[in-house]
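>>> Quick one, structure for this:
(chains A and B)
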Amino acid sequence: GDSVTQMEGPVTLSEEAFLTINCTYTATGYPSLFWYVQYPGEGLQLLLKATKADDKGSNKGFEATYRKETTSFHLEKGSVQVSDSAVYFCALTSARQLTFGSGTQLTVLP
Amino acid sequence: NAGVTQTPKFQVLKTGQSMTLQCAQDMNHEYMSWYRQDPGMGLRLIHYSVGAGITDQGEVPNGYNVSRSTTEDFPLRLLSAAPSQTSVYFCASRDTGRGNTGELFFGEGSRLTVL
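Presented below is the predicted three-dimensional model:
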């Protein structure tokens, strides 16, 4: 079945540091790929998405590129802020269901 | 738009009690689902529905029932709560029309503790 493997956390960075959270997937067909973010005490919200190979999703300074050859969708941001502290989930959708990774806790220190 | 609304936000139950978590959406989404979130395990799908009158099991359905009598509502029932059901529960919905990308819209979550 479909699966998503993402970098284990927690990740702690200083403000303005570069962020990478790795995500790889296994799926049949051509899934859409997502990054969701969960701020403390809240539900998940979509951060960015890519629906086909080589697409780049971007939002709020975050980027991720759909790499079919390496089955990856790594999340990057050039300069993190304290307000980026949250849990980040990589996910894919195919057929009827959305499959999530286990989440990566990010803490950004001032 | 209110989006996806879940109630209650917090609930404490004793082992063996029953309860229903409510979920409503106002986006006319055909697809609705329930997830549970546990530390280190991400989100696991409990049940889902692709339209009124249609439900199906997800990854962890045992101990939970659902029904879908309207497009808007998708309640989750715990018939006899167990401590293993202590978790945070999320309801989510999405569009299934032509051209949709599968993006899920989540409620704010319901934190359930079973003593």
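>>> need the residues of chain A near chain B, please.
Taking CB under 8 Å from any CB of the partner chain as the contact definition, chain A meets chain B at A:32, A:34, A:36, A:42-46, A:49, A:51, A:89, A:93, A:96-98, A:100-103. In short, each C-beta sits where N, CA and C put it, glycine included.
>>> what's the average pLDDT for stretch A:51-67?
Averaging pLDDT along stretch A:51-67 yields 95.
>>> before we move on, back to that, buried only: go through the residues of chain A next to chain B for me.
Neighbour counting over these (16 or more other CB atoms under 10 Å in any protein chain shown) leaves A:32, A:34, A:36, A:43-44, A:46, A:49, A:51, A:89, A:93, A:97-98, A:100-103 as the buried ones.
>>> which among these gets closest to residue B:19?
residue A:43 (19.8 Å; CB to CB).
>>> And the pLDDT at that closest one?
87.
>>> Let me see the contact set for it.
Counting by CB atoms under 8 Å, 6 or more residues apart in numbering or on different chains, residue A:43 makes contact with B:4, B:90, B:106, B:107, B:108, B:109.
>>> so the fourth one touches residue B:21, yeah?
Translated: residue B:107. No. Between residue B:107 and residue B:21 there is no contact under CB atoms under 8 Å: 9.7 Å.
>>> Do you have the strands of chain B handy? List them.
B:4-7, B:10-13, B:19-25, B:31-37, B:43-51, B:54-57, B:64-66, B:76-78, B:87-94, B:105-106, B:110-114 (DSSP state E).
>>> Can you say which of the ones you listed is packed in most?
strand B:31-37 (a mean of 25; mean count of other CB atoms under 10 Å in any protein chain shown).
>>> which residues are in contact with it?
A:96, A:98, A:100, B:21, B:23, B:25, B:43-51, B:58, B:60, B:64, B:66, B:68, B:74, B:76, B:87-96, B:104, B:109.
>>> and the angle from it to strand B:87-94?
160 degrees (axes from the mean of the first three to the mean of the last three CA atoms, to 10 degrees).
>>> quick one: strand B:31-37 to chain centroid distance?
Between the centre of strand B:31-37 and the centre of its chain there are 4 Å (CA atoms, centre = their mean, to the nearest Å).
>>> Could you do stretch B:66-78 as well?
With CA atoms, centre = their mean, you get 8 Å for stretch B:66-78.
>>> Could you list the residues of chain B in contact with chain A?
B:4, B:31, B:33, B:35, B:40-43, B:45, B:48, B:50, B:58, B:90, B:92, B:94, B:101-104, B:106-109.
>>> List the pairing partners of the helix or strand bottoming out on mean pLDDT in chain A within its sheet, with orientation.
Ranked by mean pLDDT, DSSP states H and E, the helix or strand of chain A with the weakest confidence is strand A:97-100, at a mean of 84. If you go by DSSP bridges, strand A:97-100 pairs up with strand A:86-94 (antiparallel).
>>> Name the spans of chain A whose pLDDT lies under the cut-off.
A:95-96 (pLDDT under 70).
>>> need the helices for it, in chain order.
Assigned helices in chain A: none (criterion: DSSP state H).
>>> Identify the residues contacting the nearest residue to residue A:83 once chain neighbours are set aside.
Setting aside the residues directly before and after it, residue A:83 is nearest to residue A:108 in space (CB to CB, 6 or more residues apart in numbering or on different chains), at 7.8 Å. Contacts for residue A:108 (CB under 8 Å, 6+ apart) come out as A:12, A:13, A:14, A:15, A:17, A:80, A:81, A:82, A:83, A:84, A:85.
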